[in-house]
Structure formats: structure tokens, C-alpha cells
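Need coordinates for the following:
(2 chains)
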Amino acid sequence: MSSLSNLFGQKFGLTERDLERYLAEALSKGGDYADLYFEYLATSSISLDESLVKSATQGVSLGVGIRVLSGERTGYAYSDDLSPDRILKAARTAACIASGPATEIVHGLKSGEKRDLYPVGVLAGDTPLEERVKLVKRADAAARAHDSRVFQVQAIYADSVRHVLVATSDGRLSTDLQPMARLNVAVLAREGEGVPQRGYAGGGGRVGLEFFTGSHSPEAFAEDAARQAIVQLHAIDAPAGEMTVVLGPGWPGILLHEAVGHGLEADFNRKGVSAFSGRVGQQVASPLCTVVDDGTIAHRRGSLNVDDEGEPTQQNVLIENGVLRGYLTDKLSARLSGGVSTGSGRRENYQHYPMPRMTNTFMLAGESDPEEIIKTVKKGIFCTNFGGGQVDITSGNFVFSASESFLIEDGKITSPVRGATLIGNGPEALKHVSMVGNDLKLDLGIGVCGKEGQSVPVGVGMPTIKIDLMTVGGTR
Amino acid sequence: MSEAILRDVASLAIRLAAERGATDAECTIAEGDEFSATVRLGEVETLKEAGSRAAGLRVLIGKRQGSSYTSDLTDEGVSQMVDAAIAIARITEEDPFAGLPEPEELGQIEGDLKLAEADVALVEASARIDAAKRAEATALAADPRITNSEGAGCETYTGCRVFANSRGFLGSYSSTTASLSVTPVAREGEQMERDYWHSISRSWAGLESPEDVGRKAAARALRRLGARKIETCKATVVFEPRVAKSILGHIFEAVTGEAIYRKSSFLLDKLNEKIAVDGLTLIDDATMPGYFGTSPFDDEGVPSRRTVIVQNGVLKNYLYNTYSARKLGAKTTGNGSRGLTGAAGIGHGTLFIEPGTKTPEEIYAAVGTGLYVTELIGFGVNTVTGDYSRGAAGLWIEDGKLSYPVAEITIAGHLSDMLKNIIHIGSDLEFRGSTCAPTIAISDMTISGK
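Reported below is the predicted structural model:
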């Protein structure tokens, strides 16, 4: 049999018969289902510090993860050696989760319909390194030119290309080529010998180098980072206590990721350990809120042609007009609940088994004019940028850290305030949303989501929203 | 692969790099085997077993540097890794401070550091499953309000790390880890709360018993039931050891040579100044046999050592790798740290605060009224400015005793004030993991709630 036409066939001579042999070995002791996840990842990164391109790295990692499902049980093994004897050994190891006669696999692997959500002319990793070096140097120059108070600039450019192949015992074969590129700029600014302040900006996606132009240019990111740091130089202490919070559009959508997204992942709900467990059909947000998770948006950081179980991604409605509609499922949780996968099975790499994860999570636009929203607030804060967030999915309590915010006084944006953590409870927080703007924006492509030790790239988005009651963790 | 073969691979990479034009090179290889079992509601949920290895290389061509890595340790894979590093070094710029440690700085501490215990590799799969099942069963049986579980996990790990450089250093060491944890869920009415207990040891025999792990986890989840939000106020906050250690992490971040040369630290220009209360002594020690922060040499081949960072409230030392030390006219403190590739960053060994004399109960009594924090979430700490604001959950202290649970609040302050407002340091220091603190009480923090 001839080698497969993808990278794993060309580089490692992998054939369809090999895949079937490995799958059969994985189910040699029984079990309901097995899959193979082959991954080849090539990365490069360039980092600039103190106006010097100080270091650059490139590398390659590859391996195969083999999973066997038997009822609620998962057996998992992996190998970073793609020789047949090592793969068969890993398959036998994963097989040990079951104990019975062999389960027959479906022969004749079939590929699903191919789509291409992230066509790039030239992969970023295939462009001359000098072109990529220019991006970090331009960012450095722009940040320093923006304001003389900027005294430190770090710029990091990174790209990767991931080839994946998923073969399943129910006869499916999926392959994908997943590009990624990203540019980040971090600056420090200070006045005289005063306290330095940070600013951070960046963006990227499943894109080639052509992405880094216009509003995504190194200059645009650098100036935004510098602007944030300068604004912070005159920030006052953040207020403490419950108040009205207005969140700006785009990246503040991290609220949705923490407040509802994680709590709607099906593994937690299957186990009944999420604050959202058993609440489908209930009102969990104000009727103004419709929240979706969509892995199909072209070139987005969280998008995938197929998830890491080989299933096509889709747009999943999580909350519709405030009512909880459904969960994000992978194959295991779908199998156990009698449903179908929502295309949300993801993993960090071949060393991990997949679990339900978000892709690009955002709230649909409403009807309010963002400026009108601010005008309605007598006293509150307006948050336009955030660091990270975290959630305890069982109690539902979540936090997210505002890195750029302003006081709102009598309907006007006034003083910038220092960083503060906002805290709320998932099933309650969005009930206090009283206005939703008409200005939906997705983030620029910098999100990383961590769960049980696995990191995956994600996107978020949101229009401007007004939350009547939220606790702000300042000191004043 | 055996340790000897991995040492040969590292030596090969160094030799090839020199042959192909590198003026200096350093190679790190890490190999690990992991075995884990998770159990939920008495049934096995996952079994995982696998090994992996990878190498990283950093080359210098004069004052330019390039790095690469590979998971392919065949001769061909190593050769490609060398070519990749040399190719990429040509696009970087001359950094006058780049370079390896001086030859006389290289070396390793002698003696058995007890990082690898033989019993870990001998643990059978059934023993891991049994330990996880017993821990979970104990938690579930602890109280009728423990109604569910996120599961229990038991993991063993054996690993080996090799480092070689072109200045004649070649060293390697093996390490082992065993861990056991369980996360029960308690329920009362509509409210659900989870918590966990986690035991970690270099040896299998050193783990806490599964029953102890289960009991502690259950007690922690149960005491969170009925949590309420409290009014916004100023109060003394008592950090239990599990969360107190995060404050050590923030100090560490601010005393790295990297933060200092970037002027991005709230502790910049504070050497030999009083930055904390008299009773606070903070130590970084990578030499204590059997501890989690211990190693014979750092990730640049410099012998591990003990450094007093803060002594009786006075900042005595910053922590350096070779690069930041050169930038600042200092000497490396043996704190070079990296994954596999790239220039070394700065890490710590076992980072700990010397214990005080009061028991936790004596601290609650002395505080009288305040907040006892058992969980912190979020990333709202800025070590450049010292601004501190994190999500918290815990118990309210009333009449000198732990009373009702509180949640959905934040605690906030400024790190430089917090260090000076430490009013009690507990006697309950235990070494778990590589950052360890006793109970700490800090006055005058802002609690934000209703």
C-alpha cells in the first residue's frame, strides 16, 4: 500500500494499513473506541530586548498519542518515536484500560469533507528569517518613538506550523495543517525616577506574515502598548466594592470565557461538578446576552478545520437571550450523554488526551451606542484591557484582572485607575448586564487558555457591555 | 535511553556545534517517564503511561546566539538541531553580555542529593489505582454532604536531565516524584464547593497515606459550605501556608537579576535596605538533600547554592544567572534556569521563609478579627509597581477563632506595604514542593466584597 499523501506519509512512510494495524492493536483487549493523534510541530521565535535581537529559537517536535475508550474509562499512551514497534507498544499500553476480547475496527478509513479556514499564501515559517526579524525591530522603534518616557521594549515574534493526522477506529481519517503567528510588544514607561508602568499589546492568528500590516502592524501594537503604559503613569488607586462596571469591546470578552465558558465544558457537567450543571433551559444571564463559541471563523487564533479528535468545528450557541442552551462536548462526553460532539475536543499536544475546550467565545452585538452606555453611568469604572482570569467552576466564582481602566463619573470617563481584580459568580454575573453595545469586536489574537495543565490558543470577543453590579478589588 | 547514552548525545551536539562554527555551545537533554491513574466515584477513569525525551541547544558565534530543539535524538536529528541553531544565530545581533559562565564558575555539588528514590520506578499500576481509590473513598465517606468528586489522581514520574557545554562541563542527574491528590465536592442545598489535598514526595513511601489525603480534602471542601460575601473593609489577612507561598513567588520575581536590569521591580535599588518586618528571613536553597528545589548544578552548569535573599527584613541579595550578573557587574548565584533551549532565565531552588514561633491557632487568637485565606485566584499582581489584587476565599476570624466561610471577595494592597505589615509568622513551615511558607498574617489589607 502506498504512503499517505500528507506529511506523515511523505516523511515517515505512514500508510493506511499501518493506521489500521495500530488501531486494531489499541482495541486488542476490547474497548469501545480508539484513536491515533499524530502531530508534527515546527516552531520559531525571535525575541528583541533593549533594542537588540538577542535570541532566536527554532525547533521540531513530533509524536503520536493513542487513546482507547472503554465506557467511562480512558487509556492513553504516547510515543515520540514514530517507528512501528514503538507505536505498537504504545497501542498495547493504552489497550490495557479494557480487558476482554478484541473489538473489531472499521476498515477502509474515510476522510470527511475538507475545508480551509486558514489559507495562507506562504507559511510564516517559510518566509526568510530576516523578514520576521524586521517585525520586532519595527515594533521597538515605534514604541520608543511614540514617547520618550518609554524606556524598555521587549518584542517577541513567534510562529508555528502543526501537522496533525487523526485516525479513528470507527473509520475516519482527518488531517490538518494549522499555521499560527503572533507578535507581542511589552513596554515600560516612567517619568523621571518615578514608578515604571507596563503596557502590553499584540496580535496574530492562523495567518501568514501579511497579517502584520495596517491595524495589525508592529507599529500599531507598539503604539498601543506605549499608550497604555503612559496612561498608567497618572493612574489613581482603583476603587473597592460593588459598583457598575462597563467593559469595552474585544479582549474584555475574557469575562465570558471565565464566567460562563469553562463552566459549560461538558466534562464538568457530565460529572455534575459545574455551577452550570443541570441548568440547560434556565435563565443564567440577562435576556440581552447571546453567547456563542465558534471555531469556524477564518484565520482566528481559536479556529480549527477539525478539532483534535478529527471532528469539524462549528458555531455552538451557549446562551441565547440569557437562556442556557448547551454545553461544549468532546467525543467522550457526547458518547456518555447520548449526544454528538460539538467539535470541541482539544489537546495541547500528542502527550495529552483531548477534553472539551473553547475555541473563539464571544457575545453577539446588541443595540446600544457605546457612548450612550457610558453616559448612563453615574459612578463606576470602564475597563478596556485585561490580564488573565481564572474560575472555580464548582462554586462558579471567577476573577479577571483589569490592566487598563478608568473611573466613570456623572456619565463621563475621567481618571485612569491602577490594575485591579474583578470578581463575580458565573451563573449570576451576567444577569446584571443591563446594556449591550452594537460594537462587537473580537480580540487581536493573543489568548491562551489553561485547563488541567494543558494550554491551547483561544479567542474571545464582546461588544461594550454594562454590568450594573460587580465587585471591584481595588484599595480605595 | 540510559543516562550514559544521553550524555553521549549531549557531547555529540557540543562537538558538532564547534566543528560547524560555534565559538561556544551548551546542550540540555531531558528525559521523563510518566505513569498516572485517575479514579472517579470508585471507578478508574484514565490510565496514562508514556515516556519522552528532547534536546535543546544554544550556540554562540562570537557575541551572537541562536537556539534550537528537537525530539529526535538520533545522530541525524542532533545534526539537524546543530545546523538549525547555527543558522538562526546568524540573524541575531551582537549582545556584549552574552556568553557562558567562566570555566572556574562551572561545577556541581558533591554527595547524594537524594533526588531519585528507587521505590518510585517499582510502583505497579494497580498500586496507583488503589491509592487513588482509597483517597477518594475516604473523602466520599467523610460526611453525607460530600456528594460528588472531581476524582483522585496518583502519578509517578522518573526523569533524567543532562547538561553539557563547550567549556568542559558535563553533568547529569535523575529525579523521581510521586504524587497523590483528590478533589471532593461538597453540597448543601444549591451551593457546591470543591477543594483538594495534594501530597507530593520524592519517594513512594514518603507520600501521605491515601486516607489522610482524603480526610484533609474532605474537611477543606466541607468548611467552605455556606460561604458568604462580606462587606468591603480593611482588615488583617491571615494566609494559610498553601496560599502564603504565593507571596514568596512575587518577591522572587522582583529580586531576579532580570527584573533588576530591566528596572521592572518594586525592589529595585533596595539592596541592604529594610523592605520587610524584622522577623522575615527569606532563603533560596538548592542544596538540601531530598528537597524539591534541589539539584547538583543549575541549568548553566554552575554549582547549586544557598542564598539568603532577605535577612531579618533587610534585602541582602538579588538572584542572578550568568547573563544578568554580567549586566549588573555581579556574579551568578547559580540560579540559571531554562526548559530545554534558549538563553537561561532565572529560577529558584527551595524558596522558603524561616518559621516564627506562634502556632496557627495562636495567630488567629492574636488577630482576633480578620480574614483567613485558603484560596487565591487570578493574576492581579504587578511586581513592577507592587500593586496586588486577587480573588480570595476562606474563613472569617471572629473572637480569635476561625468561624464562617467567605467567598467572592478580593484582597488588595501594595506588596511593599504588605511586607512591612507582616504581623505574625507561624511556626508551621512544612516543605512541600519548591516554595514553602508557614502561616503569615498581614495587617491593613483592603477586602472588597459587598
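
For chain B, what's the nearest residue on the stretch 351-476 of chain A?
When scored by C-beta to the nearest C-beta, the stretch 351-476 of chain A has residue A:473 as its residue closest to chain B, at 2.7 Å. (Each C-beta comes from the backbone N, C-alpha and C, glycine too.)

Check the secondary structure at residue B:405 for me.
Look at residue B:405: counting by DSSP: H, G, I helix; E, B strand; the rest coil, its state is strand.

Now for the residue lying closest to it once chain neighbours are set aside: which residues touch it?
Leaving aside its sequence neighbours, residue B:405 sits nearest to residue B:227 (C-beta to C-beta, 6 or more residues apart in numbering or on different chains; 4.0 Å). Contacts for residue B:227 (C-beta atoms under 8 Å, 6 or more residues apart in numbering or on different chains) come out as A:395, B:191, B:193, B:393, B:405-408.

Correct me if wrong: the residue of the stretch 351-476 of chain A closest to chain B contacts residue B:387.
No: with contacts counted by C-beta atoms under 8 Å, residue A:473 stays clear of residue B:387, the gap being 10.7 Å.

so where is chain B shaky, pLDDT-wise?
Regions of chain B meeting the criterion pLDDT under 70 are absent.

and it, what are its domains?
Segmentation of chain B into domains, based on automatic domain parsing, reads B:3-222, B:227-450.

can you pull out the helices in the stretch 101-250 of chain A?
A:129-146, A:218-232 (DSSP state H, counting those that start in this stretch).

nearest to residue B:173, of these?
Across these, residue B:173 has its closest neighbour in helix A:129-146 (35.4 Å, C-beta to C-beta).

Test for you: state the pLDDT assigned to the residue of chain A most remote from its centre.
Note on chain A: the largest C-alpha distance from the chain mean falls to residue A:101, namely 40.2 Å (C-alpha atoms, centre = their mean). Confidence at residue A:101, expressed as pLDDT, is 92.

And residue A:126, by the same measure?
94.

Show me the shaky parts of chain A.
Ranges of chain A meeting pLDDT under 70: A:1.

can you list the residues of the stretch 351-476 of chain A near chain B?
Applying C-beta under 8 Å from any C-beta of the partner chain, we find that the stretch 351-476 of chain A lies next to chain B at A:351, A:353, A:387-392, A:394-395, A:397-401, A:418-421, A:423-425, A:471-476.

check contacts around the residue of the stretch 351-476 of chain A closest to chain B.
Taking C-beta under 8 Å, 6+ apart, one finds A:238, A:240, A:399, A:420-423, B:380, B:389-391, B:409-412, B:446, B:448 in contact with residue A:473.

ok, now which ones touch residue 282?
Picking chain A for this. Contact analysis of residue A:282 by C-beta under 8 Å, 6+ apart lists A:323-324.

Chain B, not that one
Contacts of residue B:282 by C-beta under 8 Å, 6+ apart are B:248, B:251, B:308-310, B:351-354.

Same check on residue A:38?
Here residue A:38 is in contact with A:8, A:14, A:62-64, A:82, A:163-166, A:350 (criterion: C-beta under 8 Å, 6+ apart).

how does it look with 7 Å?
Counting by C-beta atoms under 7 Å, 6 or more residues apart in numbering or on different chains, residue A:38 makes contact with A:8, A:64, A:164-165.

Give me the neighbour count for the closest residue to residue B:399 other than its chain neighbours.
In this structure, residue B:399 finds its nearest non-sequential neighbour in residue B:368, 7.1 Å apart by C-beta to C-beta, 6+ apart. Using other C-beta atoms under 10 Å in any protein chain shown, residue B:368 has 12 other residues around it.

Settle this for me: residue B:368 is touching residue B:398, isn't it.
No: the criterion here is C-beta atoms under 7 Å, and residue B:368 misses it with residue B:398 at 8.3 Å.

any idea how far the residue nearest to residue B:405 is from residue B:186?
Residue B:227 sits 11 Å away from residue B:186, taking C-beta to C-beta, to the nearest Å as the criterion.

how many neighbours does residue B:279 have?
Residue B:279, neighbours per other C-beta under 10 Å, totals 16.

My error: substitute residue A:10 in the last question.
For residue A:10, using other C-beta under 10 Å, the count is 11.

what helix or strand is it on?
Using DSSP states H and E, residue A:10 maps to helix A:7-12.

who's in contact with the helix or strand just after that helix?
Following helix A:7-12 in sequence order, the next helix or strand is helix A:16-26 (DSSP H and E). For helix A:16-26, the surrounding residues in contact (C-beta under 7 Å, 6+ apart) are A:1, A:4, A:34, A:36, A:66, A:68, A:84, A:87-88, A:91-92, A:94-95, A:105, A:107, A:109, A:167, A:169.

Buried ones in stretch A:462-476, by neighbour count?
A:462-475 (16 or more other C-beta atoms under 10 Å in any protein chain shown).

Now, those residues that are in strands?
A:462, A:465-473 (DSSP state E).

And residue A:42, how close does it get to residue B:389?
40 Å.

higher neighbour count, these two?
residue B:389 (31 against 17).

That one reaches residue A:421, doesn't it?
Yes: at 4.3 Å, residue B:389 counts as touching residue A:421 under the criterion of C-beta under 7 Å.

out of the contacts of residue B:282, which are inside helices?
B:248, B:251 (DSSP state H).

Out of the contacts of residue B:282, flag the one nearest to residue B:273.
When those are compared against residue B:273 (criterion: C-beta to C-beta), the nearest one is residue B:310, at 10.6 Å.

That closest one - how many residues pack around it?
23.

Could you find the closest non-adjacent residue to it?
residue B:282 (4.1 Å).

Now do residue A:269 against chain B, distance only.
12 Å (C-beta to the nearest C-beta, to the nearest Å).

just residue A:239 next, same as before
In terms of C-beta to the nearest C-beta, residue A:239 sits 9 Å off from chain B.

OK, contacts around residue 266?
If you meant another chain, say so; for now it's chain A. A:327-330, A:333, A:356.

wrong one, I was asking about chain B
Neighbours of residue B:266 in contact, by C-beta under 7 Å, 6+ apart: B:254, B:383-386, B:415-416.
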